[in-house]
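Asker: here is my input; please provide its structure:
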Amino acid sequence: MSDDLEPISPREAVDLYVSHRELEISEKTLQNHKYRLNAFVEWCNEVGIDNLNDLTGRDLHRYRVWRQQDVNVVTLRGQLATLRVFLEFCASIDAVEPGMRERVKLPDVDRGEEARDELLDAERAHKIIGYLERYKRASRDHVIVAILWHTGIRLGSLRAIDLEDYEPDEGCFWLRHRPETGTPLKNQEPAERAIALDDYYCDVVDEYIRFHRHDVVDEHGREPLVTSDRGRLSSGQIRSEVYRLTQPCMIEDCPHGREPADCEATEYGHYYDCPSSLSPHTIRRGAITHQLREDIPEEIVSDRCDVSSEVLDRHYDRRTDREKMEQRRDFIEDL
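Answerer: Numbering: from 1, shown residues only. Reported below is the predicted structural model:
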């Protein structure tokens with residue numbers, strides 16, 4: 001322990017940190033930080049660390065092992081990221097040795113593992129769409145997020161839509177299986193169908209076509225609906241844009257205590273590196289779950305989103321058993 005440190009308890013340090021950050025971050029983010037750091041204080045009390053001056057890298061490893069028994073790897077990474085920010089603050093007030101934050105090793109998160117239970121919830125989806133409505137209405141960004149959320153279709157399906165597939169007068173677009181020209185549908189011809197759009201989403205698409213869509217064709221002479229200045233977007237481009245558009249700092253404070261101006265994850269090619277960014281498939285999972293929570297019958301969701309009832313229940317439906325029970329109760333009471 002350095003002679004320059006001043007004794008302080010874990011609880012007092014957390015209270016000082018919270019007071020320091022309350023004018024810098026939103027109330028919701030601050031509450032998240034409090035929750036995450038309360039677990040650290042609880043552990044310190046449990047193992048007898050009453051002075052942060054005594055904290056060591058080995059202690060931090062022990063805390064990680066203790067915490068990972070109760071949370072999944074994605075949650076663990078978020079909690080340890082907040083602990084890092086807290087320790088940097090502690091170093092600035094002579095509570096821990098400088099560089100202590102670097103001793104907190106963040107676990108690697110496999111995106112496939114992360115995505116199994118991860119979804120874009122309705123509140124966050126509406127915030128993102130609301131932001132795009134206000135600041136980037138009818139932009140390509142707006143269309144990508146709005147269509148993926150409203151319809152629950154796959155990334156490849158969005159990419160496959162041509163300008164001629166959209167029928168504004170009917171308020172719908174068609175999904176066509178065209179493998180010979182580079183846009184197959186996952187389930188091939190049986191996945192071909194019309195997708196209805198609400199008036200709001202039709203208006204957004206109409207304005208996008210009128211004002212922002214690039215008047216281009218792809219290498220097969222087809223006119224894509226969602227374009228770059230060079231033609232049809234690739235799957236990788238759409239995925240990258242979704243990672244960027246779902247970064248929390250676009251609409252609120254960074255939950256990881258980062259400064260967007262200095263964060264590598266805000267740079268092209270690194271959007272994926274944000275711990276809170278989401279893939280297109282998590283939007284699909286969230287959209288399907290939201291439709292079910294809105295009492296849309298499972299068979300309609302299954303047809304609209306091209307997913308079997310078995311796969312829907314196993315991989316997409318994130319309603320709790322209690323939610324399902326209450327929805328069944330409401331249905332029975334209406335009979």
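Asker: neighbours around residue 196, how many?
Answerer: Residue neighbour count, defined by other CB atoms under 10 Å, stands at 13 for residue 196. All C-beta spots, glycine's among them, are computed from the backbone N, C-alpha and C.
Asker: how about it, what does it touch?
Answerer: Taking CB atoms under 8 Å, 6 or more residues apart in numbering, we find residue 196 in contact with 171-172.
Asker: mind redoing it with 10 Å?
Answerer: 150-151, 170-173, 202, 304 (CB atoms under 10 Å, 6 or more residues apart in numbering).
Asker: using PyMOL, make a named selection holding only the buried ones among those.
Answerer: Of those, the buried ones go into a single PyMOL selection, burial set by 16 or more other CB atoms under 10 Å:
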select buried, resi 150+151+171+173+202+304
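Asker: any chance you could map the helices in the stretch 151-300 of the chain?
Answerer: Applying DSSP state H, counting those that start in this stretch to the stretch 151-300 of the chain gives helices spanning 155-160, 199-207, 235-245, 280-293, 298-305.
Asker: hmm, back to that, flag whichever of the contacts of residue 196 scores worst on pLDDT.
Answerer: Scanning these for pLDDT, the smallest score is found at residue 304, 90.
Asker: from residue 284, how far out is the residue nearest the centre of the chain?
Answerer: The C-alpha lying nearest the average C-alpha coordinate of the chain belongs to residue 278 (CA atoms, centre = their mean; 3.4 Å). Distance, residue 278 to residue 284, using CB to CB, to the nearest Å: 10 Å.
Asker: find the residues that touch each one of these two.
Answerer: Common neighbours of residue 278 and residue 284 (CB under 10 Å, 6+ apart) are 119-120.
Asker: now residue 251, nearest residue through space, not along the chain?
Answerer: Nearest non-adjacent residue to residue 251, counting by CB to CB, 6 or more residues apart in numbering: residue 131, 4.7 Å away.
Asker: tell me the contacts of that neighbour?
Answerer: 141-142, 145, 245, 250-252.
Asker: could you do residue 169 as well?
Answerer: Taking CB under 10 Å, 6+ apart, we find residue 169 in contact with residue 202.
Asker: where do the strands of this structure begin and end?
Answerer: 166-167, 172-175, 193-196, 227-228, 231-232 (DSSP state E).
Asker: export those to a markdown table and tack on distance to residue 160?
Answerer: Formatted as a markdown table, the strands of the chain follow (distance: least, CB to CB, whole Å):
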| stretch | distance to residue 160 |
| --- | --- |
| strand 166-167 | 12 |
| strand 172-175 | 6 |
| strand 193-196 | 12 |
| strand 227-228 | 13 |
| strand 231-232 | 9 |
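Asker: and those: which comes nearest residue 99?
Answerer: strand 227-228 (43.7 Å; CB to CB).
Asker: now residue 255: how far from residue 79?
Answerer: Residue 255 is 11 Å from residue 79, by CB to CB.
Asker: overlap of the contact sets of the two?
Answerer: Residues touching both residue 255 and residue 79 (CB under 10 Å, 6+ apart): 32-33, 36.
Asker: which among those gets closest to residue 159?
Answerer: residue 32 (34.6 Å).
Asker: who touches the residue lying closest to that closest one once chain neighbours are set aside in this structure?
Answerer: Excluding its sequence neighbours, the residue lying closest to residue 32 (CB to CB, 6+ apart) is residue 255, at 5.9 Å. For residue 255, the contact set (CB under 10 Å, 6+ apart) comprises 25-26, 28-29, 32-33, 36, 78, 81-82, 248-249, 274-276.
Asker: Provide a list of residues in contact with the spatially closest residue to residue 299 that is not a sequence neighbour.
Answerer: Spatial nearest neighbour of residue 299, excluding adjacent residues (CB to CB, 6+ apart): residue 309 at 7.3 Å. Residues near residue 309 by CB under 10 Å, 6+ apart: 298-299, 301-302, 317.
Asker: pLDDT weak spots in the stretch 101-250 of the chain?
Answerer: Residues of the stretch 101-250 of the chain meeting the criterion pLDDT under 70: 109-117.
Asker: coming back round to it: drop anything exposed from the contacts of residue 255.
Answerer: Here, 16+ other CB under 10 Å leaves 25, 29, 32-33, 36, 78, 81-82, 248-249, 274-276 buried among the contacts of residue 255.
Asker: separation between the nearest residue to residue 187 once chain neighbours are set aside and residue 181?
Answerer: Spatially, and ignoring its direct neighbours in sequence, residue 187 is nearest to residue 306 (5.8 Å; CB to CB, 6+ apart). Here the distance between residue 306 and residue 181 works out to 20 Å (CB to CB).
Asker: equivalent analysis for residue 187, please.
Answerer: 18 Å.
Asker: equivalent analysis for residue 7, please.
Answerer: 70 Å.
Asker: residues contacting residue 187?
Answerer: Neighbours of residue 187 in contact, by CB under 10 Å, 6+ apart: 154, 157, 177, 306-308.
Asker: would you list the phi and psi of the residue lying closest to residue 91 once chain neighbours are set aside?
Answerer: Among residues not flanking residue 91 along the chain, residue 98 sits closest, at 4.8 Å (CB to CB, 6+ apart). Backbone torsions for residue 98, taken as degrees, to the nearest 10, come to phi -60, psi 140.
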